[in-house]
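In: sequence first, then the predicted structure:
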Amino acid sequence: DGGITQSPKYLFRKEGQNVTLSCEQNLNHDAMYWYRQDPGQGLRLIYYSQIVNDFQKGDIAEGYSVSREKKESFPLTVTSAQKNPTAFYLCASSIALQGRNTEAFFGQGTRLTVV
Amino acid sequence: DAKTTQPPSMDCAEGRAANLPCNHSTISGNEYVYWYRQIHSQGPQYIIHGLKNNETNEMASLIITEDRKSSTLILPHATLRDTAVYYCIVRVSGGYQKVTFGTGTKLQVIP
């Protein structure tokens, strides 16, 4: 069945290491997004992408990088430059056509802990 | 540059209607109002959206004021499973754009 999958659900990383979070969707959606959520806070946009090989910085892109080599996949790398990487990370996708029902579908999230 | 304002928390008795308000006084003519909810430690779930007419689906009703500066999400018979954070966002339907979420309203349904 169609959906958006994030893996892993829980991830532990040593300080100073890069780590890549996976996001895959089989909904044939053009647009994909990455959000960060800290305890008791709302969602903050990290990066977003409309089409393959194109992506834009969101509000808190520093210390993160993304790629969009395939329509179905939008991996997020948390680099060692990200000062406070411990957080809940959410990936989403949506149709990007004007006038269509464009609600975003979210994955179940990856909880990253830096130890 | 938050586009919407919501109360941080609300309580509702189980079985009663939950009315969640949202202010979006700077909404543009081509922006829709979308509502999502997030149950603890899960990804947000789409509920409903509308442009200017009231909308209803199997989950909720959306009432948008005539001037479109505010809206109310109505859960007609709240259950304990409706306890969640509810987010109201405004966005153009479709197109290439940022989609940002604020802090939402934490709804607590009380037995």
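Out: Sure thing, it's come through.

In: only C-alpha atoms from now on, for both contacts and neighbour counts.
Out: Fine.

In: quick one: the strands in chain B?
Out: With DSSP state E as the criterion, chain B has strands at B:9-13, B:18-23, B:31-38, B:45-50, B:55-56, B:61-64, B:70-75, B:84-92, B:105-110.

In: right, so of those strands, which gets closest to chain A?
Out: strand B:45-50 (6.5 Å; C-alpha to the nearest C-alpha).

In: can you list the strands of chain B in a markdown table and add mean pLDDT?
Out: Converted to a markdown table, these look like this (pLDDT from 0 to 100):
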| stretch | mean pLDDT |
| --- | --- |
| strand B:9-13 | 97 |
| strand B:18-23 | 97 |
| strand B:31-38 | 92 |
| strand B:45-50 | 93 |
| strand B:55-56 | 96 |
| strand B:61-64 | 98 |
| strand B:70-75 | 97 |
| strand B:84-92 | 91 |
| strand B:105-110 | 97 |
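
In: okay, the ones you listed, which one's buried deepest?
Out: strand B:84-92 (a mean of 23; mean count of other C-alpha atoms under 10 Å in any protein chain shown).

In: how about the residues of chain A by chain B?
Out: A:31, A:41-45, A:48, A:50, A:58, A:90, A:95-109 (C-alpha under 8 Å from any C-alpha of the partner chain).

In: please flag which of the residues you listed sit within strands.
Out: Judged by DSSP E, strands contain the following of the residues of chain A next to chain B: A:31, A:43-45, A:48, A:90, A:105-106.

In: follow-up on the earlier one: may I see the strands of chain B organised as TSV, with distance to residue A:72 added?
Out: Shown next, in TSV, are the strands of chain B (distance: least, C-alpha to C-alpha, whole Å):
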stretch	distance to residue A:72
strand B:9-13	36
strand B:18-23	34
strand B:31-38	23
strand B:45-50	20
strand B:55-56	32
strand B:61-64	32
strand B:70-75	33
strand B:84-92	23
strand B:105-110	32
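
In: contact partners of stretch A:12-27?
Out: Residues outside stretch A:12-27 that contact it (C-alpha atoms under 8 Å, 6 or more residues apart in numbering or on different chains): A:2-8, A:72-81, A:91, A:93, A:107, A:110, A:112-115.

In: how about the strands of chain B, which one is nearest residue A:86?
Out: Among the strands of chain B, strand B:31-38 comes nearest to residue A:86, with 19.6 Å by C-alpha to C-alpha.

In: could you say what helices and strands the closest one packs with?
Out: strand B:45-50, strand B:84-92 (3 or more C-alpha pairs under 8 Å, 6 or more residues apart in numbering or on different chains; DSSP states H and E).

In: measure how buried residue A:58 is and give me the count.
Out: By other C-alpha atoms under 10 Å in any protein chain shown, the residues close to residue A:58 number 20.

In: who touches residue 89 in this structure?
Out: Picked chain A for this. So residue A:89 contacts A:34-37, A:109-112 (C-alpha under 8 Å, 6+ apart).

In: should've been chain B
Out: B:3-4, B:33-35, B:100-102.
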